[in-house]
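J.: Have a look at this prediction, sequence included:
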Amino acid sequence: MKALVIGKSQGMKKQPKVLVISRDSWNDTNNSGNTLSNLFQNWDAENIANIYCRDEIPNNKICSDYFKISESLLLKKLLRKAPVAGIKVQRQEAALAISEVKDEQNEKKIYDFFRKNRFHIFLWGRELLWKIVNWKSKELKDFIKDFNPDVIYSPSYDSFYMHDILKFVQKESSVKVVYFHCDDLVTYRQYSWSPLYWINRYVLRKHMDKSIRLAAKNYCIIDEQSRVYKKIYNLDFDILYKTGDFTNFPQTHSPNVPLKLIYTGNIIYGRIHSLFSIADALKKINSDGIKAKLYLYTANEITPEVRHRLESSGSVEIMGKVPYSQISGILNNGDILVHVESFEKQQMLATSLSFSTKIVDYLEAGKPIFAMGWKEAASIKYLHDNGIGVTANNNQEVLGKLKDLINHTESLNDKGLKAWEFGKEKHNKKDVLKNFEDNLEALKKD
């Protein structure tokens, strides 16, 4: 996504210095890092710094000043193999640190395991490590003092230690906090039979209560989340949309033969079953000749069983992982863009207030959107209520709605234009970022 040059080249007012706190490294190849780059694309490097908490290598064109506290460093300090649990990292050092690549690979395996198997005993063990090892080092304090931020920016997290870090950094810097909510980490409208889950949720809620009230400015990613949070806390929760470049409508092309349906994103959290339904529908649609194929781009591991299930339809091409920089071109070369949500009860409730940021990429591409998921899922509801996507809310609806879309290629460009025009109105980066930057400026310390 091309960055605007407002402020960088036009000598506008001095930007507030923003200290970003994130759990993951600031990496444009993942959703969290991409969202940060989307929000801070106009920032000069000297006015932004990042404290992050994983053995990952930053990869972005905006920030060059980092402080890393990771669990491997915590363990080394606990075992007296390292004097401190945090280190300052420069962008060029991050790119060249071979030892960090090894740490990143090892930690990724651990986090992938935890993401698939969210055993509370392991999660609490991690929290215990953060409690018993002192990460509040002189080096961290010096990093905060030397950068001297005007504002702290942080997404909200379900890790308790991230709330402790936010509180500590705010106390050290004495500046105001901007808190961004992407997922529902507050309500008890969840589903689980595990008492450990509910204990964890209760403790998380207490942390969220404190962090939300600590913040001078709270943002939500979507209207419904803002409405619910306002009711709970009696505070303002403004909307902060992911932005796109809607300067010019993308160049159109004749429909591909067969049509290309493009899916980019995760297949975990039960989403793969929705993709199975689409693959089954395509198999029936293609029974008398290939009319359309689904091209699946995901960074998630695809097991042999899942691969066989998809490819046996004869209508799915598994493309694997691609750099985010290539996504725009892939979307523009497609005909229909696909979004899916899970129908597993736990995931349905967990995502009821979450918004998939890739939908903005889809709107920017100016292509029709086909989405499958629970009708109350925030992303599905957003597409349906605003008339910017064809939505199927169960397996029975998929075949008919997808077949109708595929059989009427003459309407594809009109549907894509409608989606793009909505994106221009709601997600235009010039307007959204100006408002965001003005709000940060207003929060600067005296």
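T.: Structure's in. What do you need?
J.: From here on, just use CA atoms for contacts and neighbour counts.
T.: Will do.
J.: Find me the pLDDT at Arg115, would you?
T.: Predicted confidence (pLDDT) for Arg115: 51.
J.: just for the stretch 101-250 of the chain, where's the confidence low?
T.: For the stretch 101-250 of the chain, the stretches flagged by pLDDT under 70 are 101-119.
J.: which residues in it form strands?
T.: Assigned by DSSP state E, counting those that start in this stretch, the stretch 101-250 of the chain shows strands spanning 151-155, 176-181, 217-220, 238-239.
J.: now these as TSV including mean neighbour count and distance to His408?
T.: Below are the strands of the stretch 101-250 of the chain laid out as TSV (neighbours: other C-alpha atoms under 10 Å; distance: least, C-alpha to C-alpha, whole Å):
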stretch	mean neighbour count	distance to His408
strand 151-155	23	42
strand 176-181	24	39
strand 217-220	23	37
strand 238-239	18	36
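J.: Format those strands as TSV; extra columns: distance to Ser194.
T.: Shown next, in TSV, are the strands of the stretch 101-250 of the chain (distance: least, C-alpha to C-alpha, whole Å):
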stretch	distance to Ser194
strand 151-155	27
strand 176-181	25
strand 217-220	28
strand 238-239	33
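J.: Burial check on Arg80, number of neighbours?
T.: Counted with other C-alpha atoms under 10 Å, residues neighbouring Arg80 total 10.
J.: Please report how far it lies from Leu74.
T.: 10 Å (C-alpha to C-alpha, to the nearest Å).
J.: what about the strands of the stretch 101-250 of the chain, which gets the closest to Ser312?
T.: Judged by C-alpha to C-alpha, the one of these that comes nearest to Ser312 is strand 176-181, at 39.6 Å.
J.: Note down every partner strand of the closest one and its orientation.
T.: With DSSP bridges as the test, strand 176-181 is paired with strand 151-155 (parallel), strand 217-220 (parallel).
J.: Could you list the residues in contact with it?
T.: 150-156, 170, 212, 214-221, 440, 443-445 (C-alpha atoms under 8 Å, 6 or more residues apart in numbering).
J.: tell me how far that strand is from the chain's mean position?
T.: 16 Å (C-alpha atoms, centre = their mean, to the nearest Å).
J.: Render the CA-only coordinates of it in PDB, please.
T.: This file holds the C-alpha atoms of strand 176-181, laid out as PDB (Å, rounded to 0.1, in the frame of the first residue of the first chain):
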ATOM      1  CA  LYS A 176      -1.300  10.000  27.600                       C
ATOM      2  CA  VAL A 177      -2.300   6.600  26.200                       C
ATOM      3  CA  VAL A 178      -4.200   5.800  23.000                       C
ATOM      4  CA  TYR A 179      -5.700   2.400  23.200                       C
ATOM      5  CA  PHE A 180      -6.900   0.500  20.100                       C
ATOM      6  CA  HIS A 181      -9.400  -2.400  20.300                       C
END
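J.: which residue sits farthest out from the middle of this structure?
T.: Asp288 (39.5 Å; C-alpha atoms, centre = their mean).
J.: Just confirm it is within a helix.
T.: No: going by DSSP: H, G, I helix; E, B strand; the rest coil, the assignment for Asp288 is coil, not a helix.
J.: where does it fall, phi/psi-wise?
T.: phi -110, psi 30 (degrees, to the nearest 10).
J.: distance of it from Ile336?
T.: Relative to Ile336, and taking C-alpha to C-alpha, Asp288 is found at 21 Å.
J.: Then Tyr202?
T.: 41 Å.
J.: between the two, who's got more neighbours?
T.: Neighbour comparison, Tyr202 and Ile336: the larger count goes to Ile336, with 29 against 15 (by other C-alpha under 10 Å).
J.: Tell me which strands the helix or strand encompassing Phe370 pairs with, and in which orientation.
T.: For Phe370, the host element (DSSP states H and E) is strand 369-372. Looking at strand 369-372 with DSSP bridges, its partner strands are strand 336-340 (parallel), strand 390-392 (parallel).
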